[in-house]
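Enquirer: Here's my sequence, what's the structure:
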Amino acid sequence: MSHELEPLLAETHGAAFAWALTCCRWRRQEAEDVLHAAYLKVLDGSARFDGRSSFKTWLFGVVRKTALGRQRDWLRWLARLDDADPEAAEAPPAAPNLDGARVRAALGELARRQREVLDLVFYHDLSVEEAAAVMGVSLGAARRHYARAKENLAERLR
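Expert: Numbering: from 1, shown residues only. All right, here's what the predicted structure looks like:
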């Protein structure tokens, strides 16, 4: 099965990397690591495409969940700092380094789900319904996040 997915991965690679960048707040190295980990999940079968959505929608969901898992790892590392000897603490995951462009800065100020739905709809040409599937939320919730995101982004860019 994984060999059947390789051409689909190659076809969607550019869009998947752009989505990984968004999920990782434009930290390139982290996005590369997340995308690599997501591809491994696809190729080793731990993430399985069942055809209930488009391949792109499904893959974006895998990338998003992988990025969220890395964020949880970062938070766990921070929580362990209180209990650990600073000299013996392991190195942290990649530190944030956000893009300074005005639009990206404004996007960075949005709530995570608002940012995600805007990125999926505007930059990845998904419908709000497909974005809801990627994000793992109801269509109504995705519509609310989408409307609020547009309002909040417009306000920040005024």
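
Enquirer: what's the distance between Y146 and S53?
Expert: Using CB to CB, to the nearest Å, Y146 is found at 18 Å from S53. The C-beta positions use only the backbone N, C-alpha and C, and glycine is treated the same way.

Enquirer: try R28
Expert: For R28, the distance to S53 - CB to CB - is 28 Å.

Enquirer: repeat for V63
Expert: In terms of CB to CB, V63 sits 14 Å off from S53.

Enquirer: Neighbour count for those two, which is higher?
Expert: More crowded of V63 and S53, by other CB atoms under 10 Å: V63, with 28 against 16.

Enquirer: Lowest mean pLDDT among the helices and strands, pick that one out for this structure.
Expert: helix 55-81 (a mean of 78; mean pLDDT, DSSP states H and E).

Enquirer: Toward the C-terminus, what is the element adjacent to that helix?
Expert: helix 102-109 (DSSP states H and E).

Enquirer: Could you chop this protein up by domain?
Expert: 1-97, 99-158 (automatic domain parsing).

Enquirer: and the shortest one, what's its mean pLDDT?
Expert: Along domain 99-158, the predicted local confidence has a mean pLDDT of 86.

Enquirer: Around the nearest residue to T12 once chain neighbours are set aside, how many other residues sit close by?
Expert: Spatial nearest neighbour of T12, chain neighbours left out: K56 (5.2 Å); criterion: CB to CB, 6 or more residues apart in numbering. K56 is flanked by 19 other residues according to other CB under 10 Å.

Enquirer: right, and K56 touches L126 too?
Expert: Yes. Between K56 and L126 there is a contact at 7.5 Å, judged by CB atoms under 8 Å.

Enquirer: Check what pLDDT the residue lying closest to E6 once chain neighbours are set aside gets.
Expert: With CB to CB, 6+ apart as the criterion, E6 has its nearest non-adjacent residue at 7.6 Å, and that residue is L43. In this model, L43 is scored at 88, pLDDT.

Enquirer: what sits against the residue positioned nearest the centre of the chain?
Expert: By CA atoms, centre = their mean, the chain has its centre lying nearest to C23, at 2.6 Å. Contact analysis of C23 by CB atoms under 8 Å, 6 or more residues apart in numbering lists A31, V34, V63, R64, A67, L68, E116.

Enquirer: Since that was my last question, I'll sign off now.
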